[in-house]
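Novice: coords below, sequence missing:
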């Protein structure tokens, strides 16, 4: 039985745990398992909409595309994808992935029939003509599963009456629809409305949302936890956006942490953490018996305490070109005399850490005060809404010193350990820095 109403459509995705759905009207003669399904012109933001595991491979030059060149590595993103039928039953398509063909440029959905027990016939090239207009809808749930549903003109009355949707902001061919409200309001507008209410609320007690329960919180992360709780976001360590497709971050003071990927190359990547700290950590100046690996590491500048210099390998800043071989591109922390690679971050490691959470982000300034019952925070307008980033923008920002490494690794006197590989950016010229990291930055109030 086909889908007749938008309510039925939303209910299917709600039952699958999906809050935001992205919709494409498929091309009449393309968009099938042979030609693949074109979803965007670039990978920027796609792994933010659809949680994925990034992989990169060497680019190949097109023999048909005029003026194409090898360029940078090609990005592939593996999805935990499921086809959903009209009853809500789901079928795993384990080899589904997004592939970026930057020389065209296109990002295509591929492999969605491989090893799948059931998939809609209307996505098959030899059968699609019988189904008329087709609409592909996709969305991710909190488990990181991507659910796809295909509507067809011959089977689903809703196709003829499907509403016009606001473009996603990531791709012009993907409309966006919330499953949790009655109207077709874009998730971005929902987030703006929520933030306006939080700013207008003034001072808020420091809390966190722990498993759906609001509890008091005391600590340096209080501003971020309080903002997330006010938005209804549970405290989590998932590498996925917080709400409405956006990573939400508060900031106060002179710097803000962007991400915390651990090194996967060099001594730090090869050693256990305690062995690394035994060789490279230094006694704390506080005299508390702890050992620490701390300091500010900015590209091209010597950290005299450790004798280390940060750099981006496989990148030529004069030509603004990256090596086409992904294994040649990485961020390195090397000893300035011996050249030893102490800590390194592979291109794939950084791409997965950065793209999955930060492709769309909102940054909200906060202020703190002490109160009789604990800390309180308030949040300010305008906040900065940012869209359209990728690993290449991040690497350029590291290479010019905008983004820097500021670790706080510690082995305490009692033997307990804290692993804190922080990548940060300063807030004195914050909007200027964000404009290097993102294609679109808007101050919203």
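Specialist: That came through, no problem. The structure presented is a predicted model; accordingly, all values stated were derived computationally and were not measured.

Novice: average pLDDT across stretch 75-92?
Specialist: Mean per-residue pLDDT for stretch 75-92: 95.

Novice: Identify all contacting residues around that stretch.
Specialist: 1-3, 12, 15-16, 43, 46-47, 50-57, 93-94, 96-100, 112, 116-120, 144-150, 156, 351, 391 (CB atoms under 8 Å, 6 or more residues apart in numbering). Where C-beta positions appear, they are placed from N, C-alpha and C, glycine not excepted.

Novice: now do 7 Å
Specialist: Outside of stretch 75-92, the residues within contact range by CB atoms under 7 Å, 6 or more residues apart in numbering are 1-3, 12, 15-16, 43, 46-47, 50, 52-57, 93, 96-100, 112, 116-120, 144-149.

Novice: Any idea how far apart the tips of that stretch sit?
Specialist: 23 Å (CA to CA, to the nearest Å).

Novice: which strand in the chain runs the most residues?
Specialist: When the chain is parsed with DSSP state E, its longest strand is strand 360-371.

Novice: residues making contact with that one?
Specialist: Taking CB under 7 Å, 6+ apart as the rule, strand 360-371 contacts 45, 48, 191, 195, 223, 227, 241, 245-252, 375-380, 383-387.

Novice: Of the residues you listed, grab the buried ones for PyMOL.
Specialist: A single PyMOL command is used to select the members of the contacts of strand 360-371 judged buried by 16 or more other CB atoms under 10 Å:
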select buried, resi 45+48+191+195+223+227+241+245+246+247+248+249+250+251+252+375+376+377+378+379+383+384+385+386+387
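
Novice: State the next helix or strand along the chain beyond the helix or strand of the chain with the lowest mean pLDDT.
Specialist: Least confident element among the helices and strands of the chain, by mean pLDDT, DSSP states H and E: helix 46-49 (a mean of 80). Next helix or strand after helix 46-49 toward the C-terminus (DSSP states H and E): strand 52-57.

Novice: partners of whatever helix or strand comes next after that following strand, with directions?
Specialist: With elements assigned by DSSP H and E, the helix or strand that comes after strand 52-57 is strand 74-79. Note on strand 74-79: by DSSP bridges, its sheet partners are strand 52-57 (antiparallel), strand 97-101 (antiparallel).

Novice: export those strands to a markdown table and tack on distance to residue 297 and mean neighbour count?
Specialist: As requested, the strands paired with strand 74-79 are exported to a markdown table (distance: least, CB to CB, whole Å; neighbours: other CB atoms under 10 Å):
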| stretch | distance to residue 297 | mean neighbour count |
| --- | --- | --- |
| strand 52-57 | 24 | 20 |
| strand 97-101 | 30 | 22 |
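
Novice: Out of these, which gets nearest to residue 139?
Specialist: Among those, the nearest to residue 139 by CB to CB is strand 52-57 (13.6 Å).

Novice: Flag the shaky bits of the stretch 51-200 of the chain, pLDDT-wise.
Specialist: 59-71, 182-185 (pLDDT under 70).

Novice: can I get the strands paired with strand 74-79 in a markdown table with distance to residue 362?
Specialist: Output for these, formatted as a markdown table (distance: least, CB to CB, whole Å):
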| stretch | distance to residue 362 |
| --- | --- |
| strand 52-57 | 21 |
| strand 97-101 | 24 |
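
Novice: wait, which of these is closest to residue 306?
Specialist: The nearest among these, by CB to CB, is strand 52-57 at 29.6 Å.

Novice: How many neighbouring residues does the spatially closest residue to residue 383 that is not a sequence neighbour have?
Specialist: Leaving aside its chain neighbours, residue 383 sits nearest to residue 364 (4.3 Å; criterion: CB to CB, 6 or more residues apart in numbering). Neighbour count for residue 364, taken as other CB atoms under 10 Å: 22.
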